[in-house]
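Engineer: Let me see the structure of the following:
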Amino acid sequence: MKQKQSRTCVVSVRFLPKEKQHLTERAVQQQTTVSELLRLNVLTQNDKSRHKSVPEVNRRLYFELGKISEQLQTIEPSTDSLTKLQNLLDEVRKELLGMNK
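Structural biologist: Okay, here's the model as predicted:
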């Protein structure tokens with residue numbers, strides 16, 4: 001079992017009040033702390049598979065919308081309306097995980 005390491009080093013960084021507010025808002029949107037937001041962005045900056053923080057609610061909704069899309073196929077025969085609805089659901093699902101950017 002991995003032993004949890006304590007973060008003991010502190011790095012001081014100065015921000016303008018509006019920059020700090022922006023960081024705080026982004027952290028809240030991503031359901032994380034400002035420290036974790038900065039850590040993820042700085043430490044993974046050169047990583048081509050850059051980790052993006054996706055809120056857990058977005059992940060859950062992504063899978064639930066996928067289930068709905070599958071159920072629609074069993075309820076109604078394939079029609080143009082159904083295809084449009086499934087395409088829309090797919091777009092929303094991608095947007096939830098930040099895949100449309």
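Engineer: okay, now the domains of the chain?
Structural biologist: Domain assignment for the chain by automatic domain parsing gives 16-46, 56-96.
Engineer: any idea which of these scores lowest on pLDDT?
Structural biologist: The stretch with the lowest average pLDDT out of these is domain 56-96, scoring a mean of 80.
Engineer: Just give me how far that domain sits from the chain centre.
Structural biologist: A distance of 18 Å separates the C-alpha centroid of domain 56-96 from that of its chain, computed with Cα atoms, centre = their mean, to the nearest Å.
Engineer: That one: end-to-end distance?
Structural biologist: Criterion Cα to Cα, to the nearest Å; first-to-last residue distance in domain 56-96 is 10 Å.
Engineer: What sits closest to residue 13 if chain neighbours are left out?
Structural biologist: Once flanking residues are discounted, residue 13 sits nearest to residue 38: 7.9 Å by Cβ to Cβ, 6 or more residues apart in numbering. For every residue, glycine as well, the C-beta is placed using N, CA and C.
Engineer: sorry, back to before: any chance of a markdown table for the domains of the chain, columns mean neighbour count and distance to residue 6?
Structural biologist: Rendered in a markdown table, the data for those read as follows (neighbours: other Cβ atoms under 10 Å; distance: least, Cβ to Cβ, whole Å):
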| stretch | mean neighbour count | distance to residue 6 |
| --- | --- | --- |
| domain 16-46 | 13 | 13 |
| domain 56-96 | 12 | 25 |
